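Undergrad: the following comprises the amino acid sequence and a computationally predicted model.
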Amino acid sequence: TAKSLFAKAVGHVRKVLAADPQNIAAYNNLALIYYELGKYELAQLVCLNAMKFKKPDAGLHNNLGLVLLKLEKVTDALNSFKAALKVDPDHVPAHMNIGAITLSYRDYATAYEHFRQASELQPRNAEAHLSRGVALRGLSKFDDAKAAYEKALELDENDARVWYNMGILHQQYFNDSKQAISDYGRFLSIARGPEKKLAKEVSQRIEGLQLMLKYEEEEARSQPKEPEPADDGGGDSGAGDAGGDATAPDERPADKKPKAAKPAAKPAAGDDDGG
């Protein structure tokens, strides 16, 4: 069973620590085990005990930050992630986690900066590009946000979250209903697990957009055509197009709070970047 496997892992780590009481990688692994078991207070204690040896380790600070998030100590968690970056400015998980927290508080500029660094340090990190796009959308840089989403799709075209965010972008900011319907349709076709919770909302968005398009088409058909100017034989009459396409009222939904990129699901073990 999973519990017996964890028990064996704890026993192994304790043997390592008995032989080397200052083995930071072993402390990280032990914290990970308790984290996975949901024993967050024990995981916190392990991290704090390891820090007494004053051996700088970015992964250890990042792990403690994740544990503190579970304990709903957000400010302390943020400080722990920042401490990880003081040890290693290129620690991608810490950048991602700071970005996620600041994004949730709508500090788009700070979130963008950390997601940008993460995506530059790990150019094939699709999560970093998606998160960067969400921050850019918050900064009203919509073309740049779209480019970031497209980069994420290049790396993983089956990430339903990207298609959802692309749909939001096309619906609410580019006013491109047809493309938004296509994006949402792709989301529904590949959504799995937690993304399924958005299926009802996305279906309602599609229905609303389809109704709006139908309304626009009916309005366009109902507009009287301008009479053709009489040909008096004198060449072009110079009459301009006084018609133009009818437009539907603005039925776009109010902007929703961008979905924050989730912090790394697991602590890093040893010197592993995680992410």
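TA: Received, thanks.
Undergrad: which ones are touching Leu37?
TA: Residues in contact with Leu37 (C-beta atoms under 8 Å, 6 or more residues apart in numbering) are Phe6. No exception for glycine: its C-beta is placed from N, CA and C like everyone else's.
Undergrad: and it, how far from Ile190?
TA: 32 Å (C-beta to C-beta, to the nearest Å).
Undergrad: again, but for Ala160
TA: Distance, Ala160 to Ile190, using C-beta to C-beta: 5 Å.
Undergrad: the two - which one has more neighbours?
TA: Taking other C-beta atoms under 10 Å, Ala160 and Ile190 do not tie; Ala160 has more neighbours (22 against 12).
Undergrad: ok, the more buried one - contacts?
TA: Taking C-beta under 8 Å, 6+ apart, we find Ala160 in contact with Arg186, Phe187, Ile190, Ala191, Arg192, Glu195.
Undergrad: low pLDDT regions in the stretch 51-200 of the chain?
TA: Judged against pLDDT under 70, the stretch 51-200 of the chain has no low-scoring part.
Undergrad: please enumerate the strands of it.
TA: In the stretch 51-200 of the chain, no segments count as strands under DSSP state E, counting those that start in this stretch.
Undergrad: so where do the helices sit in it?
TA: Ranges of helices in the stretch 51-200 of the chain, per DSSP state H, counting those that start in this stretch, are 58-70, 74-87, 92-104, 108-121, 126-138, 142-155, 160-172, 177-190, 199-222.
Undergrad: the first one to helix 92-104, inter-axis angle?
TA: Taking axes from the mean of the first three to the mean of the last three C-alpha atoms, to 10 degrees, one finds that helix 58-70 is oriented at 30 degrees with respect to helix 92-104.
Undergrad: quick one: contacts of stretch 108-123?
TA: In contact with stretch 108-123 (C-beta under 8 Å, 6+ apart) are residues 90, 92, 95-96, 98-100, 102-103, 125, 128-129, 131-132, 134-136, 138-139, 148, 151, 261, 275.
Undergrad: again, 7 Å this time
TA: 90, 92, 95-96, 98-99, 102-103, 125, 128-129, 131-132, 135-136, 138-139 (C-beta atoms under 7 Å, 6 or more residues apart in numbering).
Undergrad: same question for stretch 144-159.
TA: By C-beta under 7 Å, 6+ apart, stretch 144-159 touches 124, 126, 129-130, 132-133, 136-137, 162, 165-166, 169, 190.
Undergrad: can you report how many residues neighbour Leu45?
TA: By other C-beta under 10 Å, the residues close to Leu45 number 15.
Undergrad: how distant is the helix or strand where it lies from the center of its chain?
TA: Element membership of Leu45, judged by DSSP states H and E, is helix 40-51. Helix 40-51 sits 29 Å away from the centroid of its parent chain (C-alpha atoms, centre = their mean, to the nearest Å).
Undergrad: CA atoms only for that helix - export them in CSV, please.
TA: Listed next in CSV are the C-alpha coordinates belonging to helix 40-51 (Å, rounded to 0.1, in the frame of the first residue of the first chain):
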residue,chain,number,x,y,z
TYR,A,40,2.3,19.6,7.0
GLU,A,41,3.3,20.5,10.5
LEU,A,42,5.8,17.7,10.5
ALA,A,43,7.1,18.7,7.1
GLN,A,44,7.6,22.3,8.4
LEU,A,45,9.5,21.0,11.4
VAL,A,46,11.8,18.9,9.2
CYS,A,47,12.6,22.0,7.0
LEU,A,48,13.2,24.2,10.0
ASN,A,49,15.5,21.6,11.6
ALA,A,50,17.5,21.3,8.4
MET,A,51,18.0,25.1,8.3
